[in-house]
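Structure for the following, please:
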Amino acid sequence: MDLAEGFWITWVIIPLLIFLARVADVTIGTLRIVFVSKGFKILAPILGFFEVFIWLLAMSRIIQNLDYWLYYIAYSGGFAVGNYVGLLIEERLALGFVNMRIITHELGDALIKRLANDGFGVTSTEAMGSRSKVNIIYCVIKRSDYKQVSEIIKEYNPRAFYTIEDIRFANQGVFPSRSVMRGYGSFPWRKGK
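Reported below is the predicted structural model:
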C-alpha cells in the first residue's frame, strides 16, 4: 500500500465508516426505545441485536487505532446525527395513539360536531378554569391523525388550548374508518399486550 492510499484509508474512509456505523446504530437504538415503549416485544430485541452488532464493529475499529483523534470525532458526530435521524424516522412512522385534551372558553359544540363528522371519537365536559367556565374536549386519536385534528381545532377555535399525551394502548373507541390501525394490532410481531 502506497502512502497516498494509506492516507485515504486512515483519514477518510475509516472515519467515514465509523461515522456511518454510529449513525446506523444510534438510529436503530432510538427506534428500539420507541418500540419498547409501544409494546413491540419481538421487534425491539431484533433491533437491539443489530444496534449492538454495529456498535461493536465501530468500537473495534477505534480500539485498534487509539492514536487517531479523527476517529473519536467521527464516532461522536455519528452519535449526534443518529439521534436526529432516529427521531425523524420515529416522527414519520407516527405509531400509536395520543390523547388530545382541548380546553376552550367558547362553546365547543361546532368543534365537537366537526370532529365527530370526521369520524373521531369525542368526549366533552364542562369545567371551571382559573378565570371562567370552560369546555374540556377529549379526543383519542392515532398519532398519524394529529395534524388533521389540530387543523380542525385551528379552524373552529384558534384560541383553544390543547395538550397531547402519548397513550400506550387504546381499546375500542371511535376512529376514522379511512385510516389504518397504525402501531397496534396490525403487526404480527406485537404479541402479548
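
Please count neighbours and contacts with C-alpha atoms only from this point.
Will do.

which one's the longest strand in the protein?
Using DSSP state E, we find that the single longest strand of the chain is strand 133-142.

could you dump that one to PDB, C-alpha only?
What follows is strand 133-142, C-alpha atoms only, in PDB (Å, rounded to 0.1, in the frame of the first residue of the first chain):
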ATOM      1  CA  LYS A 133     -66.200  28.200  32.900                       C
ATOM      2  CA  VAL A 134     -64.500  26.200  30.100                       C
ATOM      3  CA  ASN A 135     -65.300  23.200  28.000                       C
ATOM      4  CA  ILE A 136     -62.900  20.300  28.000                       C
ATOM      5  CA  ILE A 137     -63.000  18.100  24.900                       C
ATOM      6  CA  TYR A 138     -61.100  14.700  25.000                       C
ATOM      7  CA  CYS A 139     -60.200  13.100  21.700                       C
ATOM      8  CA  VAL A 140     -58.100   9.900  21.500                       C
ATOM      9  CA  ILE A 141     -56.600   9.700  18.000                       C
ATOM     10  CA  LYS A 142     -53.900   8.000  16.100                       C
END
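
if you average pLDDT over it, what comes out?
Taken as a whole, strand 133-142 has a mean pLDDT of 92.

strand partners of it, parallel vs antiparallel please.
strand 97-104 (antiparallel), strand 123-128 (antiparallel) (DSSP bridges).

Now render those as CSV, adding distance to Gly78.
CSV is the format used below for those (distance: least, CA to CA, whole Å):
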stretch, distance to Gly78
strand 97-104, 31
strand 123-128, 45
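
Highest mean neighbour count out of the ones you listed?
When the strands paired with strand 133-142 are scored by mean count of other CA atoms under 10 Å, the highest mean neighbour count falls to strand 97-104 (a mean of 21).

what residues does it touch?
Residues from elsewhere that reach strand 97-104, judged by CA atoms under 8 Å, 6 or more residues apart in numbering: 134-143, 157, 159-170.

That one: what's the following helix or strand?
Per DSSP states H and E, strand 97-104 leads on to helix 109-117 as the next helix or strand towards the C-terminus.

ok, and what's touching that next one?
Gly121, Val122, Ile137, Val149, Ile152, Ile153, Tyr156, Asn157.

For Asp25, state which of those is nearest.
Closest approach to Asp25 among the contacts of helix 109-117 (CA to CA): Val149, at 34.2 Å.

Make sure the closest one is indeed in a helix.
Yes - counting by DSSP: H, G, I helix; E, B strand; the rest coil, Val149 falls inside a helix.

Let me know how buried it is, in neighbour terms.
18 (other CA atoms under 10 Å).

need the next SSE after the strand or helix carrying Ala24, C-terminal direction.
Element membership for Ala24, per DSSP H and E: helix 14-38. Per DSSP H and E, the first helix or strand lying C-terminal to helix 14-38 is helix 43-64.
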